[in-house]
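# How does the following fold in three dimensions:
(one chain, ligands or ions: 3)
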Amino acid sequence: MTSIANEYQLKCGLEIHTQLNTEKKLFSLAKNDPFGSISSPNHHVSYFDAALPGTRPILNYECVLKALKLAISLNCDVNLNSHFDRKHYFYGDQPQGYQLTQHYSPIASNGYLNLHSDIDNLDTPTKKINIIQLQLEQDTGMSHYDNYEKKTMIDLNRSNVPLIELVTEPNFDSVPQVIAFLKKYQNLVRRINVSTGNLETGAIRVDVNVSVGDYPRVELKNLSNTSSISNAIKYEYDRQINIIKQGKAAELLRYEETRGWNGYETIKLRSKETTIDYRYMPDPELGCIRLDYSIIKDIKKSLPISTDDEIRIFLNEPYNLSLKNAKLLCIQNGKNEYYTNGEVKKYYLDSFNLFREVIPPSFERDCKIIANWVINELLGDLNKLELPLKNIQELFPPTKFIEFIKLLQNGKVSNTGGKRLLFYILENIQTKQFKGNIDLQYLIQKLNIEIKSSVDGEELLKQCQSIIDNINNPKLIENIKSGKKKNSLNYLVGIAMRQTRGRVKPTEYQRIFKNILMIK
Ligand SMILES: Nc1ncnc2c1ncn2[C@@H]1O[C@H](COP(=O)(O)OP(=O)(O)OP(=O)(O)O)[C@@H](O)[C@H]1O
Ligand SMILES: [Mg+2]
Ligand SMILES: [Mg+2]
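Residues are numbered from 1 along each chain as shown. Ligands and ions are numbered 1, 2, ... in the order given. Presented below is the predicted three-dimensional model:
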């Protein structure tokens with residue numbers, strides 16, 4: 001008996017096509033550059049890509065290598081004897097009349113990818129997504145419909161570009177799991193350098209199969225980014241539930257069908273009743289891909305550690321980063337135009353290691369200062385100033401950065417002063433003033449942010465008294481005194497700090513305010 005929860009349980013499986021970023025195409029020596037020359041269509045097309053009679057495919061082993069890197073990273077069993085098949089269909093942008101793919105004997109199968117609640121931000125415990133198979137195949141050309149001239153034009157730049165097709169089991173039972181998987185997969189292909197991983201350009205294309213309970217699946221196509229993927233699944237799930245609740249499932253959810261997404265709703269493209277017979281047959285021109293077992297070991301050795309493992313390293317001793325910061329260093333999301341995760345990671349690690357050398361004692365307590373200043377302050381400033389990290393790497397290298405951190409550590413400048421100083425440096429770094437060397441001592445004087453070593457007690461007392469008078473809020477002062485609102489003391493300290501622009505330590509002000517207000 002199915003429970004009510006199961007009856008309406010969402011089930012999704014993915015079919016993902018990924019363009020490999022090899023130099024040449026899958027079966028020809030034409031350049032693999034599907035979008036590099038949009039203005040010059042049919043530019044990177046060999047006779048084979050255009051399917052001229054008499055041409056034959058020659059397998060590009062760089063594609064095999066990249067497919068193996070991906071397969072091994074996804075924990076697949078590698079097939080040491082795989083081969084290619086012809087999948088027949090007729091379409092303008094497919095001049096051969098068939099696609100070369102791996103139907104009967106794919107290069108890898110039986111893999112998985114784990115999604116973790118912390119790293120992948122899921123509210124379920126670890127979720128294992130099984131990968132049924134991974135195969136190599138050709139991309140097609142592209143058709144462009146010219147509305148003005150009312151004709152379709154064919155561009156074969158993309159014809160025969162290497163693709164990996166990956167099919168998962170229908171293991172996903174929520175939308176966040178699908179999105180988390182895609183982000184993780186996208187990061188993986190970038191990390192091991194097999195694809196640009198961009199959904200927007202079509203380097204990764206995702207079909208989502210959606211079903212409810214035990215009803216047949218619906219395949220969703222034309223999903224160009226993560227938000228359309230997530231919206232389309234939600235829409236389709238609601239649509240199917242409605243059909244089931246109205247008792248129309250026997251009629252409307254009887255056959256598997258393929259639907260598209262127009263931004264608002266899913267629309268029927270075709271039903272599986274009209275499935276095309278692809279007449280698969282082994283390709284007689286291409287030989288088997290025969291692999292020696294040793295290549296698997298060699299590729300394993302050449303792969304970087306997984307992102308998950310790297311994140312866990314940063315979460316622990318000696319780095320102790322927050323999950324957010326560790327992810328920022330390790331995940332290549334390609335979103336920020338001013339720095340890549342690799343650049344930030346290098347800057348952070350170089351600074352961190354230098355810091356360890358110069359400031360060994362009390363290290364545990366202080367090491368977070370590097371992450372805070374690199375990730376929160378430095379990157380924040382670069383975003384504000386629209387300044388790429390690589391432009392400052394030479395002028396303000398980690399060695400200089402550590403000098404700056406030391407000023408904060410030994411109390412020469414306060415946090416507030418430090419923020420001003422850092423911003424000032426970055427703001428002016430490309431001007432003549434800094435060509436050569438950044439003189440931190442000089443800048444501290446110039447910005448007048450040095451913490452006074454001998455503070456004039458009398459003057460500070462006057463300042464604090466006048467803050468209390470000016471605030472003119474006896475109730476607040478009373479609450480601070482009675483200990484009801486202890487935090488409000490910091491409010492007063494904040495005002496004082498701003499007035500002296502961080503030149504006096506907060507502890508100094510705390511002491512004085514406590515004296516005036518007679519707080520123990
Ligand atoms: N009950 C189900 N609910 C949701 N998804 C399912 C269900 N059963 C299978 N799937 C998913 O459907 C997909 C099947 O893809 P596969 O490529 O094998 O077949 P296909 O879509 O029929 O073929 P093709 O698109 O290559 O012509 C897989 O991603 C699988 O996880
Ligand atoms: Mg499919
Ligand atoms: Mg398929």
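
# gap between the two ends of stretch 64-81?
Stretch 64-81 has an end-to-end distance of 12 Å (criterion: CA to CA, to the nearest Å).

# Need the mean per-residue confidence for it.
For stretch 64-81, mean pLDDT rounds to 98.

# tell me which element the closest residue to residue 192 other than its chain neighbours is part of?
In space, residue 192 comes closest to residue 69 once its chain neighbours are excluded; the distance is 5.1 Å by CB to CB, 6 or more residues apart in numbering. Glycine gets a C-beta too; all of them are placed from N, C-alpha and C. Remark: residue 69 resides in helix 61-73, with elements defined by DSSP states H and E.

# That helix packs against which elements?
Packing contacts for helix 61-73, counted by 3 or more CB pairs under 8 Å, 6 or more residues apart in numbering; DSSP states H and E, involve strand 77-78, strand 108-115, strand 127-138, strand 162-168, helix 175-191, helix 294-302.

# Next, the angle from that helix to strand 127-138.
Relative orientation of helix 61-73 versus strand 127-138 (axes from the mean of the first three to the mean of the last three CA atoms, to 10 degrees): 170 degrees.

# ok now helix 61-73, how far from the chain's centre?
21 Å (CA atoms, centre = their mean, to the nearest Å).

# For the protein, what lies in contact range of ligand 1?
Residues of the chain found near ligand 1 (CB under 6 Å from any ligand atom) are 11-15, 167-170, 209-211, 217, 219.

# Apply 8 Å and report the result again.
The chain comes close to ligand 1 at residues 11-15, 132, 165, 167-171, 207, 209-211, 214-217, 219, 256, 272, 278, as judged by CB under 8 Å from any ligand atom.

# Give me the buried entries from those.
Among the residues of the chain next to ligand 1, the ones that count as buried by 16 or more other CB atoms under 10 Å are 11-15, 132, 165, 167-168, 170-171, 207, 209-211, 215, 217, 219, 256.

# which residues of the stretch 1-150 of the chain fall in strands?
Under the criterion DSSP state E, counting those that start in this stretch, strands of the stretch 1-150 of the chain are mapped to 10-19, 77-78, 81-82, 85-88, 98-101, 108-115, 127-138, 142-146.

# Just give the number of residues close to the nearest residue to residue 291 once chain neighbours are set aside.
Nearest residue to residue 291, sequence neighbours excluded (CB to CB, 6+ apart): residue 80, at 4.7 Å. By other CB atoms under 10 Å, 14 other residues sit near residue 80.

# Which residues are in contact with residue 80?
Residues near residue 80 by CB atoms under 8 Å, 6 or more residues apart in numbering: 290, 291, 292, 293.

# Would you write a ChimeraX line that selects the buried entries of those?
One line in ChimeraX is enough to select the buried members of the contacts of residue 80, burial here meaning 16+ other CB under 10 Å:
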select :291
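
# before we move on, the earlier item: tell me which of the helices and strands packed on helix 61-73 sits nearest to residue 474.
Nearest to residue 474, of all the helices and strands packed on helix 61-73, is helix 175-191, at 51.1 Å by CB to CB.

# Show me what that closest one is packed against.
Contacts defined by 3+ CB pairs under 8 Å, 6+ apart place helix 175-191 against strand 10-19, helix 61-73, strand 108-115, strand 127-138, strand 204-212, helix 226-245, helix 307-315.

# hang on, the earlier thing: quick check: which of the strands of the stretch 1-150 of the chain is nearest to residue 410?
strand 108-115 (44.8 Å).
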